[in-house]
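> next come a sequence and a model predicted from it.
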Amino acid sequence: MSIDSPPALPSSEKSLEFLQREDAFKTHLRKITALEAKIKQGGGPKAMEKHRAKGKLPARERIKLLIDSDSAFLELGLFAAHAMYESEGGCASAGVVAGIGKIHGRKCLIVANDATVKAGAWFPLTAKKNLRAQEIAMENHLPVIYLVDSAGVYLPMQDEIFADKEHFGRQFRNNAVMSAMGITQIAAVMGPCVAGGAYLPIMCDEALIVEGTGSIFLAGSHLVKAAIGEVIDNETLGGATAQTTVSGVIDHKVSSDAECLAQIRRTVSKLGTAPKAGFSRIETIAPKFPVAEILGHFPEDRAKPYDVRILLNHICDADSVDEYKQSYGKTILCATARIDGWAVGIVANQRLVVRNAKGELQVGGVIYSDSADKAARFIMTCNQRKIPLLFLQDVTGFMVGSRAEHGGIIKDGAKMVSAVANSVVPKITIITGNSYGAGNYAMCGKAYDPRFIFAWPSAQIAVMGGKQASETLLAIKVGQVEKEGRTISDGDKKAFLKEISDRYTEQMNPLYAAARLWVDGIIDPRETRSVISQCLDCANENPDLAKFNAGVIQT
């Protein structure tokens with residue numbers, strides 16, 4: 001069954017409401033695009049100039065030379081650490097560029113230190129971003145290329161990066177695990193590589209070093225002098241010649257960044273092929289509605305209803321959508337479809353106000369018992385049929401109140417959460433609007449291991465909506481004051497409510513989430529179809545579904 005939607009109209013015939021919605025969304029996108037451009041400047045023009053003066057290419061130029069000229073680079077974590085280390089002078093993109101691109105047609109995960117940002121030093125978010133990149137490589141069996149150019153751990157914050165399970169050392173553990181998994185890892189030392197960081201390239205399958213700019217050692221010349229009294233310069237201690245000719249630590253010495261990247265490309269070109277997961281893909285068909293017009297169908301007022309089917313008609317192949325239990329559990333839409341030819345199972349929050357089988361009104365964006373039951377069964381079905389899952393989040397949470405509680409909303413919600421947690425087919429999550437409370441969990445938020453998770457600029461992620469949170473916190477504050485035998489004036493209430501609301505609004509901003517890597521990135525809605533296709537293409541690289549057991553999903 002194809003989705004029923006209004007016929008597509010030429011732009012000149014679009015309604016005023018459509019054009020207003022489109023313009024509002026473009027305003028959001030302009031702000032995001034401007035910030036992206038600033039972040040991509042790394043440490044700024046002066047730092048870039050100094051970097052180039054050493055004969056080194058910036059991180060993003062290195063990546064551009066490394067990947068195929070016609071390859072789209074899917075950058076991950078661009079906004080990492082945004083506005084988080086201002087007292088330290090900032091740390092654009094957490095000082096590292098990460099993403100997926102093709103080298104001789106082979107998808108690879110690329111991690112490149114940006115030495116224009118604090119000399120490529122590792123901040124806490126740098127470690128988190130690197131670990132997320134390695135996680136993606138392991139989940140999707142992607143070869144990893146490390147372009148190393150780092151001064152090591154940022155010492156003023158060493159207590160937040162050194163010793164814990166998900167800190168700096170975890171990456172070396174992951175190096176070893178990936179080697180055991182048969183995942184190729186290649187490292188290029190293109191600048192400093194010091195202390196514990198020196199283990200990363202040497203735990204890879206192959207390592208290169210650029211003569212004159214690359215160096216690798218456990219302790220630099222100053223520390224060597226302080227520790228054992230030996231006087232030596234860094235080049236003699238651990239430069240390209242020393243580490244390829246004397247120690248044999250590095251496999252290849254090259255004369256420049258360009259030669260180094262060309263050598264990596266030659267190495268990748270010789271990698272053998274591996275079996276695929278075998279997800280269904282056929283020839284792609286364009287969506288029923290133009291992808292470019294998706295913005296005009298999404299209301300700026302996040303409480304206003306809309307039909308998620310219209311959005312699907314902008315991202316799914318035309319006439320490929322088959323709804324599951326269309327007349328039941330209507331606040332969640334479940335359907336199988338194709339996106340760029342790939343078969344997917346879609347679980348999407350429906351923002352329309354609908355009536356259930358009993359004739360009762362159900363508010364859009366809220367998960368009811370019948371919707372949770374439907375979604376859990378659909379997820380199990382997709383697992384049985386080896387169909388990847390796509391979650392489109394615009395959820396305000398599960399239904400509350402006596403009727404919902406007495407109807408077993410907790411039990412039915414637990415079924416859905418269990419189904420998501422135990423699902424073994426790849427899961428991809430796009431947060432288009434609200435992502436509140438347990439709805440975030442049930443719709444495969446970050447805690448439920450989506451292979452990839454992205455947000456639109458319209459996304460908001462929080463334990464509850466801003467209005468509800470502000471009023472709840474105000475009630476708690478008033479109760480505390482009254483317990484102390486005092487009263488709070490209306491003016492003080494308003495001031496406190498504004499303070500809470502402002503803080504909550506900031507924390508719900510998708511940039512706040514992207515800075516902390518709760519999402520892998522913020523994407524233009526018009527790129528949704530392309531991004532999903534790239535993610536499915538990566539997921540298809542991992543053939544291992546050996547842990548699959550449909551019986552673990554209880555419905």
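Done, it's in.

> can you give me the strands for the stretch 451-555 of the chain?
452-455, 460-462, 521-522 (DSSP state E, counting those that start in this stretch).

> what's next to the second one, contact-wise?
For strand 460-462, contacts defined as C-beta atoms under 8 Å, 6 or more residues apart in numbering pick out 302, 431, 433-436, 440, 445, 455, 466, 469, 504, 507-510, 512-513, 518-519. For the C-beta atoms, the positions are set from N, CA and C on the backbone; glycine is no exception.

> so where do the strands sit in the stretch 1-150 of the chain?
74-76, 96-103, 106-113, 144-150.

> lowest average confidence, helix or strand, in this protein?
One helix or strand of the chain scores below all others by mean pLDDT, DSSP states H and E: helix 466-483, with a mean of 80.

> so what does that helix touch, helix or strand wise?
helix 490-508 (3 or more C-beta pairs under 8 Å, 6 or more residues apart in numbering; DSSP states H and E).

> what comes up buried for the helix it packs on?
496-497, 500-501, 504, 507-508 (16 or more other C-beta atoms under 10 Å).

> tell me what that helix is packed against?
If contacts are counted by 3+ C-beta pairs under 8 Å, 6+ apart, helix 490-508 sits against strand 460-462, helix 466-483.

> list the buried residues for the last one?
To tie it back to what came earlier, the one meant is helix 466-483. By 16+ other C-beta under 10 Å, the buried positions in helix 466-483 come out as 466, 468-470, 473-474, 477.

> among those residues, which two are most distant?
G466 and K477 (16.1 Å; C-beta to C-beta).

> quick one on the thing from earlier: nearest to K253, of the helices and strands packed on helix 490-508?
Closest approach to K253 among these is made by strand 460-462 (47.2 Å; C-beta to C-beta).

> what lines up beside that closest one in the sheet?
strand 427-436 (parallel) (DSSP bridges).

> about what we covered before: among the buried residues of helix 490-508, which one sits closest to M190?
Q507 (37.4 Å).

> what's the neighbour count on the closest residue in space to the closest one that isn't next to it in sequence?
Nearest-residue entry for Q507: A462, 6.5 Å, with adjacent residues in sequence omitted and distances by C-beta to C-beta, 6 or more residues apart in numbering. Burial of A462 is recorded as 20 neighbouring residues (other C-beta atoms under 10 Å).

> try Y441
By the criterion of other C-beta under 10 Å, Y441 has 20 neighbours.

> quick one, what contacts it?
So Y441 contacts 417, 420, 447-448 (C-beta under 8 Å, 6+ apart).

> distance of it relative to Y448?
For Y441, the distance to Y448 equals 6 Å [C-beta to C-beta, to the nearest Å].

> likewise for H28?
Look at H28 and Y448: by C-beta to C-beta, they are 27 Å apart.

> cool, and K165?
K165 is 20 Å from Y448, by C-beta to C-beta.

> pretty sure Q158 is in a helix, no?
Yes: with DSSP: H, G, I helix; E, B strand; the rest coil as the criterion, Q158 is located in a helix.

> local confidence estimate at the residue sitting furthest away from the middle of the chain?
Going by C-alpha atoms, centre = their mean, the residue of the chain most distant from its centre is G485, 48.6 Å out. Note for G485: predicted pLDDT of 84.

> list the contacts of it.
Neighbour list for G485: empty [criterion: C-beta under 8 Å, 6+ apart].

> how near is it to K467?
G485 is 30 Å from K467, by C-beta to C-beta.

> in this structure, where is pLDDT below threshold?
Applying pLDDT under 70 to the chain flags the ranges 1-13, 545-555.

> ok, and what's touching the least confident helix or strand of the chain?
Residues contacting helix 466-483 (C-beta under 8 Å, 6+ apart): 460, 462-464, 487-488, 493, 496-497, 500-501, 504-505, 508.

> apply 6 Å and report the result again.
If you take C-beta atoms under 6 Å, 6 or more residues apart in numbering as the criterion, helix 466-483 is touched by 488, 496-497, 500-501, 504-505.

> out of the helices and strands packed on helix 490-508, which gets nearest to E405?
Short answer: helix 466-483, nearest of the helices and strands packed on helix 490-508 by C-beta to C-beta, at 17.6 Å.

> between helix 490-508 and the closest one, find me the angle.
140 degrees (axes from the mean of the first three to the mean of the last three C-alpha atoms, to 10 degrees).

> off-centre distance for helix 466-483?
34 Å (C-alpha atoms, centre = their mean, to the nearest Å).

> of the contacts of Y441, select the buried ones using a PyMOL command.
Here is the PyMOL command that picks out the buried ones among the contacts of Y441, judged by 16+ other C-beta under 10 Å:
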select buried, resi 417+420+448
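
> which other residues reach stretch 525-545?
Identification of contacts with stretch 525-545 by C-beta under 6 Å, 6+ apart yields 74, 107, 140-141, 275-277, 279, 291-292, 294, 315, 339-340, 342, 388, 424, 426, 428, 451-452, 456, 523.

> show the buried residues in the residues you listed.
Buried among the contacts of stretch 525-545 by 16+ other C-beta under 10 Å: 74, 107, 140-141, 277, 279, 294, 315, 339-340, 342, 388, 424, 426, 428, 451-452, 456, 523.

> out of the strands of the stretch 451-555 of the chain, deepest packed?
Scoring these by mean neighbour count under mean count of other C-beta atoms under 10 Å gives strand 452-455 as the most buried, with a mean of 25.

> show me the strands paired with that one, marking each as parallel or antiparallel.
strand 427-436 (parallel), strand 521-522 (parallel).

> what's that strand in contact with?
The contact list for strand 452-455, computed with C-beta under 6 Å, 6+ apart, reads 428-431, 446, 510, 519-523, 535.

> ok, now how distant is L155 from I428?
38 Å.

> for K14, same thing?
30 Å.

> residues touching S71, list them.
When contacts are counted by C-beta under 6 Å, 6+ apart, S71 touches 101-102.

> so how far is T184 from it?
18 Å.

> over to K494?
Counting by C-beta to C-beta - K494 and T184 are separated by 60 Å.

> and if you look at L295?
Using C-beta to C-beta, one gets 40 Å for the distance from L295 to T184.

> and G341, by the same measure?
With C-beta to C-beta as the criterion, G341 and T184 are 27 Å apart.

> so which of the strands of the stretch 451-555 of the chain is nearest V254?
strand 521-522 (31.9 Å).

> can you count the residues close to T213?
Residues within reach of T213, counting by other C-beta under 10 Å, total 20.

> repeat that for G439.
G439: 23 neighbours (other C-beta under 10 Å).

> before we move on, what about V246?
11.

> and V177, by the same measure?
By other C-beta under 10 Å, the residues close to V177 number 12.

> doesn't it belong to a helix?
Yes: using three-state DSSP, the assignment for V177 is a helix.

> check contacts around K288.
K288 neighbours (C-beta under 6 Å, 6+ apart): 313, 318.

> how far away is it from S458?
For K288, the distance to S458 - C-beta to C-beta - is 22 Å.

> do the same with K415
29 Å.

> also G182?
Distance, G182 to S458, by C-beta to C-beta: 41 Å.

> just list the residues touching G439, thanks.
Neighbouring residues of G439 by C-beta under 6 Å, 6+ apart: 367, 395, 397.

> what's the closest of those residues to L237?
Nearest to L237 among the contacts of G439, with distances taken as C-beta to C-beta, is V395, at 56.1 Å.

> quick one: the strands in the stretch 151-300 of the chain?
So, for the stretch 151-300 of the chain - with DSSP E, counting those that start in this stretch - the strands run 185-194, 206-210, 215-217, 252-254.

> the longest one pairs with which strands?
I take that to be strand 185-194. Partners of strand 185-194 in its sheet, by DSSP bridges: strand 144-150 (parallel), strand 206-210 (parallel), strand 215-217 (parallel).
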